[in-house]
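Chemist: I'll drop the sequence and a predicted model, then ask my questions.
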Amino acid sequence: MIINKCLFPAAGYGTRFLPATKSMPKEMMPIVNKPLIEFGVDEAIEAGLSSMCIVTGRGKHSITDHFDCNYELEHQINGTTKENLLTDIRAIIQAAQFTYVRQREMKGLGHAILTGRALIGNEPFAVVLSDDLCVTEPNLDGVLKQMVKIFKHSHCSIVAVEEVPDNETHKYGIINGIKIKENIYRIEDMVEKPEPGTAPSNLAIIGRYILTPDIFTYIEQTAPGKDGEIQITDALLKQASDGIVLAYKFTGKRFDCGSIPGFIEATNYVYEHVYTRPTSR
Ligand code: G1P
């Protein structure tokens, strides 16, 4: 079982960043000079995936344009010193194929993933929530690549987790499970955004998943849960109770770019440690 496809739910409104996100998709908010979603696509390509399946919604045209050729711009900078500024995005467009489906109604992350079924079909796939920006040291595998390696042996759904403080568990899907190997847990329970003080552990799901295609049937059978939305966490719990779902405590740093403090922290970190300064402007 090989994973080729990566699903990017990208239909949300990004209300926390209004007014910036009034006409610009939150996925296009730049961390220094690169849109958030491009970091996710980079991570997926590094993990060996070549098909990027994006679930969009109204007002998301700039995502489609970003992962396409811009003839005017190409023409303008062709043969000039500025050409190197487009090197990365040109490489991405060549390395991956992009497909899109529109989510007409916002009924939660589970519903967004189910909308992506038309692009995924009947094969295991990765999911990246581009709000969660993950970085690893240059000599280490990216988070998705770490997960793909585990999947090659386990052949089951995997969620990425990290430990969060007690006063933050209510912001995440929280898992509980049996540790079966260093950093790997077999999930026994998971709760979407538990009330403060009721979380089954401190292991919070972050926006990286590998899902087997039977998840679509589980989502179809999932009733609206927390906040009246169809939650992927609830569908995964059912999948875990019928079989095996793993949680993987990844190596790396993750920033919650869906919040303003996390976004600023990521910006500073990327500027200091990741950003390659262009040679010309
Ligand atoms: C979603 C998931 C949640 C997970 C989080 C990670 O929530 O529903 O389980 O912990 O992503 O970022 P959201 O942040 O979209 O409300």
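Modeler: Done, it's in. Residues are numbered from 1 along each chain as shown.
Chemist: quick one, what contacts the closest residue to Thr15 other than its chain neighbours?
Modeler: Excluding its sequence neighbours, the residue lying closest to Thr15 (C-beta to C-beta, 6 or more residues apart in numbering) is Thr21, at 7.2 Å. Heads up, the C-betas are built off the backbone N, CA and C, glycines and all. For Thr21, the contact set (C-beta atoms under 8 Å, 6 or more residues apart in numbering) comprises Tyr13, Gly14, Thr15, Met29.
Chemist: And Thr21, what's its pLDDT?
Modeler: Thr21 carries a pLDDT score of 91 in this model.
Chemist: What is the burial count for the closest residue to Ala95 other than its chain neighbours?
Modeler: Here the nearest residue to Ala95 in space, its sequence neighbours aside, is Ile45; by C-beta to C-beta, 6+ apart that works out to 5.2 Å. Counted with other C-beta atoms under 10 Å, residues neighbouring Ile45 total 19.
Chemist: part of a helix, is Ile45?
Modeler: Yes - assigned with DSSP: H, G, I helix; E, B strand; the rest coil, Ile45 falls within a helix.
Chemist: residues in contact with it?
Modeler: Ile92, Ala95, Ala96.
Chemist: Those in strands, which ones?
Modeler: Of those, none are assigned to strands by DSSP state E.
Chemist: Can you flag the buried ones in these?
Modeler: With neighbours counted by 16 or more other C-beta atoms under 10 Å, the contacts of Ile45 contain buried members at Ile92, Ala96.
Chemist: so which of the contacts of Ile45 also contact the ligand?
Modeler: The subset of those within reach of the ligand, by C-beta under 6 Å from any ligand atom, is empty.
Chemist: Make JSON lines from the contacts of Ile45 and add pLDDT to it.
Modeler: Formatted as JSON lines, the contacts of Ile45 follow (pLDDT from 0 to 100):
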{"residue": "Ile92", "pLDDT": "92"}
{"residue": "Ala95", "pLDDT": "93"}
{"residue": "Ala96", "pLDDT": "96"}
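Chemist: separation between Lys60 and the ligand?
Modeler: In this view, Lys60 and the ligand are 16 Å apart by C-beta to the nearest ligand atom, to the nearest Å.
Chemist: In this structure that residue contacts Pro9, no?
Modeler: No - judged on C-beta atoms under 8 Å, Lys60 makes no contact with Pro9 at a distance of 11.4 Å.
Chemist: if you count what's nearby, which of those two comes out ahead?
Modeler: With neighbours defined as other C-beta under 10 Å, Lys60 and Pro9 compare such that Pro9 has more, 27 against 22.
Chemist: Report how many residues lie close to the residue lying closest to that one once chain neighbours are set aside.
Modeler: With sequence-adjacent residues excluded and distances taken as C-beta to C-beta, 6+ apart, Pro9 is closest to Ala112, at 3.8 Å. Per other C-beta under 10 Å, the neighbour tally for Ala112 reads 26.
Chemist: now do Cys69
Modeler: Cys69: 12 surrounding residues under other C-beta under 10 Å.
Chemist: Show the pLDDT at it.
Modeler: Note on Cys69: pLDDT of 89.
Chemist: for it, what are its contacts?
Modeler: Ile93.
Chemist: can you confirm it is in a strand?
Modeler: No - counting by three-state DSSP, Cys69 falls outside a strand, being coil.
Chemist: From Gly79, how far out is it?
Modeler: 16 Å (C-beta to C-beta, to the nearest Å).
Chemist: now Tyr218
Modeler: Applying C-beta to C-beta to Tyr218 and Gly79 gives a distance of 53 Å.
Chemist: Looking at those two, which one has more neighbours?
Modeler: Comparing Tyr218 with Gly79 by other C-beta under 10 Å, the one with more neighbours is Tyr218, at 22 against 7.
Chemist: Is Tyr185 bridged to anything, and to what?
Modeler: On the basis of DSSP bridges, Tyr185 takes part in beta bridges with Lys179, Ala247.
Chemist: and stretch 242-253, does that touch the ligand?
Modeler: No - applying C-beta under 6 Å from any ligand atom, one finds stretch 242-253 separated from the ligand by no less than 11.4 Å.
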